[in-house]
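J.: Sequence first, then the predicted structure:
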Amino acid sequence: MLKNKKDTDRFLDEVLKEDPGFKLPGDFADNLTIKFEKYFAWNYYIREFLIYFFAGIGILAATTAMLFFLMAETWHKWVDILLNNLEGSIGIVVLLTFILFIDKVLLQYFSFKLKYKTA
């Protein structure tokens, strides 16, 4: 086992000392850094949006559950109002989700992109 490790170390030393046979552009590290920053920025922005989205869903679910237990006798009236205005309710939820997505993902990403265009 020890001999195999020494052989591997010697092989890696030889390989790393050799010329790779190709040249990287001068701005390779800068371009790679920018690509990784964009990837991690997208990842962060999407995660932040999902955290806010599911936090809102959780708050809505907790509020609905509390109202269901506290106002059990008038619950059917609220359900009727919601079901009669289902299109409007869905439209409001979609609009709020879209605004949250624009705020937490797109605006931050475009300001991130603008930073690199002006730099």
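T.: Yep, that arrived.
J.: And the helices in this protein?
T.: 2-17, 28-70, 75-84, 86-101, 107-118 (DSSP state H).
J.: any idea which helix or strand of the chain has the worst average confidence?
T.: Every helix and strand of the chain was ranked by mean pLDDT, DSSP states H and E. The lowest is helix 2-17, at a mean of 78.
J.: Leaving out sequence neighbours, find the closest residue to the residue most central in space within the chain.
T.: Taking C-alpha atoms, centre = their mean as the criterion, residue 46 is the residue nearest the geometric centre of the chain, at 2.0 Å. Counting by C-beta to C-beta, 6 or more residues apart in numbering, residue 46 lies nearest to residue 105, which is 6.3 Å off, once chain neighbours are set aside. Using the backbone N, CA and C atoms, a C-beta is placed for each residue, glycine as well.
J.: Touching, residue 42 and residue 110? I think so.
T.: No: shown here, residue 42 and residue 110 do not form a contact pair, counting by C-beta atoms under 8 Å, at 11.9 Å.
J.: Would you mind telling me which of those two has more residues around it?
T.: Remark: of residue 42 and residue 110, residue 42 carries more neighbours, 14 against 11, as counted by other C-beta atoms under 10 Å.
J.: Just give me the neighbour total for residue 105.
T.: Neighbour tally, residue 105, other C-beta under 10 Å: 19.
J.: Which pLDDT value belongs to it?
T.: With respect to pLDDT, residue 105 scores 91.
J.: again, but for residue 1
T.: 44.
J.: Now do the residue nearest to residue 46 against residue 51, distance only.
T.: 12 Å (C-beta to C-beta, to the nearest Å).
J.: and what of residue 109?
T.: 16 Å.
J.: same deal with residue 116?
T.: With C-beta to C-beta as the criterion, residue 116 and residue 51 are 25 Å apart.
J.: Please apply the same query to residue 80.
T.: With C-beta to C-beta as the criterion, residue 80 and residue 51 are 33 Å apart.
J.: Could you do residue 8 as well?
T.: In terms of C-beta to C-beta, residue 8 sits 44 Å off from residue 51.
J.: who are the neighbours in contact with the closest residue to residue 112 other than its chain neighbours?
T.: Among residues not flanking residue 112 along the chain, residue 41 sits closest, at 5.1 Å (C-beta to C-beta, 6+ apart). Residues near residue 41 by C-beta atoms under 8 Å, 6 or more residues apart in numbering: 108, 109, 112.
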